[in-house]
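Following is a predicted model, sequence given first.
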Amino acid sequence: MRRWLGVVLFVGLTAGAATAQMKQRYESNETTPVNPASYQVNVHVTHAFLAGTLGTLHLDVIADGKKLQLEGQRATGMLHVGNYKARVVKDEERKGGWYVETYELLFADGTHWLFNVVSESE
């Protein structure tokens with residue numbers, strides 16, 4: 001009985017911490033004021049689509065000449081194809097060619113949204 005209770009408690013705490021981290025990570029996207037001059041990356045969105053029940057927005061983009069697919073969470077609508085300004089907020093190179101990269105796109109109304117790189121092509 002104790003072991004079962006410990007497992008349930010561990011799973012509950014772990015899930016709660018992960019949810020809080022995701023909530024903080026994605027809720028900070030829209031409300032924080034930004035300096036438009038810090039968005040130096042040119043991003044051209046060529047294709048956008050929503051997937052899943054959580055509103056995951058996928059974007060096929062060309063970011064400074066690189067063909068990427070970006071993924072953003074909790075989207076409440078679609079994004080028009082076209083040109084946007086962005087900045088790289090995370091660029092972590094790992095051993096053996098692995099990397100993690102996150103872009104923040106700036107929209108005309110001053111809002112901004114985080115997108116993780118989930119695919120790269122030539």
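Cool, the structure landed. Worth saying up front: this structure is predicted, and the values here are computed from it rather than measured.

what's the domain layout of the chain?
1-31, 34-121 (automatic domain parsing).

Need the winner for burial among those.
domain 34-121 (a mean of 14; mean count of other C-beta atoms under 10 Å). Glycine gets a C-beta too; all of them are placed from N, C-alpha and C.

what's the span of that one from first residue to last?
Domain 34-121 has its terminal residues 30 Å apart, counting by C-alpha to C-alpha, to the nearest Å.

got it, and stretch 87-99?
By C-alpha to C-alpha, one end of stretch 87-99 lies 17 Å from the other end.

before we move on, what about stretch 102-113?
10 Å.

before we move on, what about stretch 71-89?
14 Å.

about what we covered before: I'd like the domains of the chain written out as CSV, with mean pLDDT added.
Formatted as CSV, these follow (pLDDT from 0 to 100):
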stretch, mean pLDDT
domain 1-31, 51
domain 34-121, 93
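
in the protein, which spans are strands?
41-51, 56-63, 66-72, 82-93, 99-106, 112-121 (DSSP state E).

So what are the sheet partners of the fifth one and their directions?
If I follow you right, that is strand 99-106. strand 82-93 (antiparallel), strand 112-121 (antiparallel) (DSSP bridges).

Could you do the shortest one as well?
Strand 66-72 has the following strand partners under DSSP bridges: strand 56-63 (antiparallel), strand 112-121 (antiparallel).

Run the chain-centre distance for the first one.
Okay, so that is strand 56-63. Its chain's C-alpha centre and that of strand 56-63 lie 10 Å apart, by C-alpha atoms, centre = their mean, to the nearest Å.

which residue packs closest to residue 102, ignoring adjacent ones?
Among residues not flanking residue 102 along the chain, residue 90 sits closest, at 3.9 Å (C-beta to C-beta, 6 or more residues apart in numbering).
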